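Participant: A structural model of the following input is requested.
(chains A and B)
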Number of protein chains: 2
Amino acid sequence: MTTPLRIGIAGLGTVGAGVVKIVQARANLIAQRGGRPITISAVSARTRDKDRGVDLSAYAWEDDPVVLARREDIDVFVELMGGSDGPAKAATEAAIAAGKDVVTANKAMLAVHGQALAEAAEAADRVIRFEAAVAGGIPVVKALTEGLAGNQITRVMGVMNGTCNYILTRMESEGLPYEKVFEEANALGYLEADPTLDVGGIDAGHKLSLLAAIAFGTRVDFPAMELEGIERISIDDIHHAADMGFRIKLLGVAQMTGRGLEQRMSPCLVPATSPLGQLEGPTNMVVLEGDAVGQIVLRGAGAGEGPTASAVMADVIDIARGTRVSTFGQPAAGLAQSRAARASAAAPYYLRMELEDKPGALAKVAAALGEAGISIDRMRQYRHAASTAPVLVVTHKTTRDALDHARAGFAATGVVVGDPVAIRIEEV
Amino acid sequence: MTTPLRIGIAGLGTVGAGVVKIVQARANLIAQRGGRPITISAVSARTRDKDRGVDLSAYAWEDDPVVLARREDIDVFVELMGGSDGPAKAATEAAIAAGKDVVTANKAMLAVHGQALAEAAEAADRVIRFEAAVAGGIPVVKALTEGLAGNQITRVMGVMNGTCNYILTRMESEGLPYEKVFEEANALGYLEADPTLDVGGIDAGHKLSLLAAIAFGTRVDFPAMELEGIERISIDDIHHAADMGFRIKLLGVAQMTGRGLEQRMSPCLVPATSPLGQLEGPTNMVVLEGDAVGQIVLRGAGAGEGPTASAVMADVIDIARGTRVSTFGQPAAGLAQSRAARASAAAPYYLRMELEDKPGALAKVAAALGEAGISIDRMRQYRHAASTAPVLVVTHKTTRDALDHARAGFAATGVVVGDPVAIRIEEV
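Facilitator: From the prediction side, this is the model:
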């Protein structure tokens, strides 16, 4: 058991450098825990000459991650390049074909190619592990795959994009508009190169699709996810929600229903005093619900050098210890193709719309709601200087079909300007 | 991989029956996830003729758990009897000697005999797993041992006795005295046969000592823990704390310092708005802090049939999957004997004392604090009907040595009646 486990790292951004730091700084501790030393044989990145704050001189360098993945002197290929296709996928496939285990932080790749990669790995008797791909340092993949393995999972929820949560909480705390905080986040390097991945909910959706596959024994089905980003959330929505005791979060929910698998990632109102409502800044929170265990809540840093590198190292140490678990917690070939179901459970909704400043306008909106069978919990019209007046409605529980009906009714009133904002109120 | 993993269960109380239910109800799911069926070969309990709400007719019965532990037709001995010594220990030792893996929910046994049992298991190349021993269904042993294996752990904290938290939160919500809620909890079956295990902090202390061993690579050292129960907490303390924005929790803290390992389980004041402060009823919360991952918080049901059985099944399924991790996360022989350190970090304190209703009494107390070098953040004297007046002090950060100094000073004033209550205010 003193044979070292040799890793090769492709991708030396923040997380890659973080992994190198842990391997160097905690060699003894890791060897004690893993039962054998963990060493780095080779590394790869796009540019070689760049100060990454770590000494890489002891490791072989490969320009091509595919070549790195095939090296004889590595046992585990650590993929930290990102991107659903391209070099990340090519190198991961090469690693599996060459008989290497794989540790990756790449949610996009697994959300798109997870099934094929898992099947390839299992055919080669190799493992793919991806703790770092979901919720940074929170060991949520492990908690779900292993810690709750005796449960029929009933629901998975989570705030899993730290950047979106940072933007939403900072809009509220500073009273700043979305565009302004978006630019701040960008300047701080919080946003992906393509910011739509973050603010469009895609990154968080990728993560939720991976958890759903584990939870429900289904093939990853990211395209079936109902996806809505935070771009339409205004500072007014945030203030109005706060007035009524809510906070707005980009919340993912996955659950298996009689009609199929519901997966949605969208802005929701949650009670301001709930654990999800209190989540500040880039912190992530995942809620796992099982038939035996009830509700488990996990909270921690969702991104960043240390937390993500911690998750990568947990996977590497598991491999050193000889732990072999199927990628999604059971043999990939046995994963069912889920039937996608539109989220249909009734819920209260928050509606914001602009009304023309005409007598009877509010009554027309109320009537349209009534005709759609939607009853009103609270309704507020705000003071206004312009020719239109903002009106807020919190409905009692209603369905999305009824809501669609009401939307059509609003359009027919002739007093609703533009497209009303509708945000689900989640009971958490 | 279709050879079933055969378990024998000793102890058929709530948790044992819960494990039987899961094995029966979720056989297919478990076989999918574990890679092989999990079957029950034999069971054992003190009394055979008792309706446990489960059909045990398909399983062999043993009156003696030691005989059960040695049966040829079991691979894993599931110990759910409890008690640090006696049959639980004898049967666990017998199981290891007979080449069985062990899954146990027995914190008392591991807190006292964990080192010897871990060494025996490792010598026999067997594993002992105990997720169910700490914080019920929350996969905290796994999170710490595996999920954070790449971290130098800096601190472990937690509310890990649901009964104590139930008592404290119910005292506050109902305005009831300790004795009354204690009796309610007893009538509800929430208390151990020896209630001191719960309200004296011993049960929670056992759990913390196990987490500390994993976190710091030290031998379990329960006797070195500073232990204080909730018996002295009055409804007045709870109300006064609430007035000042705090809640009282039985909180465990373990951290490694330059002087040695600090382990304490004692009532603490925590901010009412903090995650720990908001913990209601029998829920548990564990906070893990590592150098790379930062702070991870886990919350869930700390006891009960389903949650505890969920944890037992996670361990059994891990064994079915072939996962082999050392009992405390590294070879037992390599665990260091920790030097016990008295918790010495400065902290603010809450003090409550009864003063004789005499002119100058308050000044004498203030002077005693000043002489001990303790500065006062807030001080309140309450209205009173009796001949003594309750006085509360919240200090600025101070040390326990200074506090001992002040206590001696209080005694010398001649106006402090009885022994003042001092509760640490924890920054969480």
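Participant: How about the secondary structure of the residue lying closest to A:Asp318 once chain neighbours are set aside?
Facilitator: Leaving aside its sequence neighbours, A:Asp318 sits nearest to B:Glu146 (Cβ to Cβ, 6 or more residues apart in numbering or on different chains; 6.1 Å). Just so you know, the C-beta spots here come from the backbone N, C-alpha and C atoms, and that holds for glycine as well. What DSSP: H, G, I helix; E, B strand; the rest coil gives for B:Glu146 is helix.
Participant: any idea how far A:Gly329 is from B:Glu146?
Facilitator: Between B:Glu146 and A:Gly329 the computed distance is 15 Å (Cβ to Cβ, to the nearest Å).
Participant: go on, A:Lys50?
Facilitator: A:Lys50 sits 38 Å away from A:Gly329, going by Cβ to Cβ.
Participant: More neighbours: which of those two?
Facilitator: Neighbours per residue (other Cβ atoms under 10 Å in any protein chain shown) separate A:Lys50 from A:Gly329, with A:Gly329 holding more: 23 against 8.
Participant: Check for me that A:Cys164 belongs to a helix.
Facilitator: Yes - counting by three-state DSSP, A:Cys164 is located in a helix.
Participant: Distance-wise, check it relative to B:Glu356.
Facilitator: Going from A:Cys164 to B:Glu356 by Cβ to Cβ gives 59 Å.
Participant: quick one: which of those two has more around it?
Facilitator: A direct count of neighbours by other Cβ under 10 Å for A:Cys164 and B:Glu356 places A:Cys164 higher, at 29 against 14.
Participant: Near chain B, which residues of the stretch 51-200 of chain A? Just list them.
Facilitator: Proximity of the stretch 51-200 of chain A to chain B, by Cβ under 8 Å from any Cβ of the partner chain, involves residues A:131, A:137-139, A:142-143, A:146-152.
Participant: sorry, back to before: number of nearby residues for the residue nearest to A:Asp318?
Facilitator: 26.
Participant: shouldn't it be in contact with A:Ala143?
Facilitator: No - taking contacts as Cβ atoms under 8 Å, B:Glu146 lies outside contact range of A:Ala143: 10.1 Å.
Participant: A:Leu208 sits in which helix or strand?
Facilitator: Using DSSP states H and E, A:Leu208 sits within helix A:202-216.
Participant: got the CA coordinates for that helix in PDB?
Facilitator: These are the backbone C-alpha positions of helix A:202-216, laid out as PDB (Å, rounded to 0.1, in the frame of the first residue of the first chain):
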ATOM      1  CA  ILE A 202     -27.200  26.900 -17.300                       C
ATOM      2  CA  ASP A 203     -24.300  26.200 -14.900                       C
ATOM      3  CA  ALA A 204     -26.600  25.600 -12.000                       C
ATOM      4  CA  GLY A 205     -28.800  23.600 -14.300                       C
ATOM      5  CA  HIS A 206     -25.900  21.300 -15.300                       C
ATOM      6  CA  LYS A 207     -25.300  20.600 -11.600                       C
ATOM      7  CA  LEU A 208     -28.900  19.900 -10.800                       C
ATOM      8  CA  SER A 209     -29.100  17.500 -13.800                       C
ATOM      9  CA  LEU A 210     -26.200  15.500 -12.400                       C
ATOM     10  CA  LEU A 211     -27.700  15.300  -8.900                       C
ATOM     11  CA  ALA A 212     -31.100  14.300 -10.400                       C
ATOM     12  CA  ALA A 213     -29.400  11.400 -12.300                       C
ATOM     13  CA  ILE A 214     -28.000  10.100  -9.000                       C
ATOM     14  CA  ALA A 215     -31.100  10.700  -7.000                       C
ATOM     15  CA  PHE A 216     -33.600   9.100  -9.300                       C
END
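Participant: And chain B, is it touching that?
Facilitator: No - against chain B, helix A:202-216 shows no contacts by Cβ under 8 Å from any Cβ, the least distance being 9.6 Å.
Participant: Can you name every helix or strand that that helix contacts?
Facilitator: Packing contacts for helix A:202-216, counted by 3 or more Cβ pairs under 8 Å, 6 or more residues apart in numbering or on different chains; DSSP states H and E, involve helix A:107-123, helix A:140-142, strand A:153-159, strand A:246-257, strand A:260-271.
Participant: among the ones you listed, which is the most enclosed?
Facilitator: helix A:140-142 (a mean of 28; mean count of other Cβ atoms under 10 Å in any protein chain shown).
Participant: what's in contact with that one?
Facilitator: Helix A:140-142 is contacted from outside by A:129-131, A:133-134, A:158, A:210-211, A:214, A:286, A:288, A:298, A:314, B:139, B:142-143, B:146-147, using Cβ atoms under 8 Å, 6 or more residues apart in numbering or on different chains.
Participant: same question, stretch A:369-384
Facilitator: The contact list for stretch A:369-384 (Cβ under 8 Å, 6+ apart) reads A:240, A:244, A:348, A:355, A:357, A:362, A:366, A:389-396, A:398, A:402-403, A:405-406, A:409.
Participant: By proximity to chain B, which residue of the stretch 251-400 of chain A wins?
Facilitator: A:Met313 (2.7 Å; Cβ to the nearest Cβ).
Participant: Number of residues surrounding that residue?
Facilitator: 31.
Participant: ok but it is inside a helix, no?
Facilitator: Yes - counting by three-state DSSP, A:Met313 is found in a helix.
Participant: Quick check: the gap between it and A:Pro307.
Facilitator: As judged by Cβ to Cβ, A:Met313 and A:Pro307 stand 11 Å apart.
Participant: list residues touching both of those two?
Facilitator: B:Ala292.
Participant: Helices of the stretch 51-200 of chain A, residue ranges please.
Facilitator: Along the stretch 51-200 of chain A, counting by DSSP state H, counting those that start in this stretch, helices occupy A:65-70, A:86-97, A:107-123, A:140-142, A:162-174, A:178-187, A:196-199.
Participant: Dump these to TSV, plus mean pLDDT and distance to A:Gly322.
Facilitator: Putting these into TSV (pLDDT from 0 to 100; distance: least, Cβ to Cβ, whole Å) gives the following:
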stretch	mean pLDDT	distance to A:Gly322
helix A:65-70	98	22
helix A:86-97	98	19
helix A:107-123	98	16
helix A:140-142	98	16
helix A:162-174	94	33
helix A:178-187	93	41
helix A:196-199	94	35
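Participant: I figured A:Lys364 hits A:Thr413, correct?
Facilitator: Yes - using Cβ under 8 Å, A:Lys364 is in contact with A:Thr413, at 4.1 Å.
Participant: Assess the claim that A:Ile128 and A:Asn106 are in contact.
Facilitator: No - contact status for A:Ile128 versus A:Asn106: not in contact, 10.1 Å apart, counting by Cβ under 8 Å.
Participant: Buried subset of the contacts of stretch A:369-384, written for PyMOL?
Facilitator: Burial among those is assessed by 16 or more other Cβ atoms under 10 Å in any protein chain shown; the matching PyMOL selection reads:
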select buried, chain A and resi 240+244+348+355+389+390+391+392+393+394+395+398+402+403+405+406+409
